[in-house]
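Asker: need coordinates for the below:
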Amino acid sequence: MASNIMEGKWKQLRGKAKEQWGKLTNDDLDEIAGKQEQLVGKLQERYGKDRSEAKREVDAFYSRHHI
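Answerer: Take a look at the predicted model:
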């Protein structure tokens, strides 16, 4: 998906991401800007998750929201 489309969708979904992962700050969400790998890294950092667990959660989140 083109990055500008992804960024537009992220603006719509950031509230849902904040609901699911409340430890993410607004600065985190700005930095992530819809990038899956950045979100995986932030989940590892904020929640102490291992990479595979964080990746599964992110994949499921994006899949639920048809991204």
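Asker: residues of the strand or helix carrying Leu29 that come out buried?
Answerer: When elements are assigned from DSSP states H and E, Leu29 belongs to helix 26-32. By neighbour count with 16 or more other Cβ atoms under 10 Å, helix 26-32 contains the buried residues 28-29, 32. Heads up, the C-betas are built off the backbone N, CA and C, glycines and all.
Asker: contacts for it next, please.
Answerer: 10, 14, 17-18, 24, 38-39, 42, 46 (Cβ atoms under 8 Å, 6 or more residues apart in numbering).
Asker: quick one: buried ones out of these?
Answerer: Applying 16+ other Cβ under 10 Å to these flags 10, 14, 17, 24, 39, 42 as buried.
Asker: which one of the buried residues of helix 26-32 sits closest to Lys55?
Answerer: Minimum distance to Lys55 across the buried residues of helix 26-32 is 14.2 Å, recorded for Ile32 (Cβ to Cβ).
Asker: out of the contacts of helix 26-32, which are inside helices?
Answerer: 10, 14, 17-18, 38-39, 42, 46 (DSSP state H).
Asker: which of those sits closest to His66?
Answerer: For those, the nearest to His66 is Trp10 (13.2 Å; Cβ to Cβ).
Asker: hmm, the closest one is touching Gln38, no?
Answerer: No: contact criterion Cβ atoms under 8 Å: Trp10 and Gln38 do not qualify, at 10.4 Å.
Asker: shaky segments in the chain?
Answerer: For the chain, applying pLDDT under 70 flags the ranges 1-6.
Asker: got a list of what the spatially most central residue of it touches?
Answerer: Ranked by distance to the mean C-alpha position of the chain (Cα atoms, centre = their mean), the top residue is Leu39 at 4.0 Å. By Cβ under 8 Å, 6+ apart, the residues touching Leu39 are 17, 32, 54, 58, 61.
Asker: and the third one, how far is that from Lys11?
Answerer: Plainly put, Ala54 is 22 Å away from Lys11 if you go by Cβ to Cβ, to the nearest Å.
Asker: can I get the buried ones among the contacts of helix 26-32 in a markdown table including distance to Asp50?
Answerer: A markdown table is the format used below for those (distance: Cβ to Cβ, whole Å):
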| residue | distance to Asp50 |
| --- | --- |
| Trp10 | 24 |
| Arg14 | 24 |
| Ala17 | 20 |
| Leu24 | 18 |
| Leu39 | 15 |
| Lys42 | 14 |
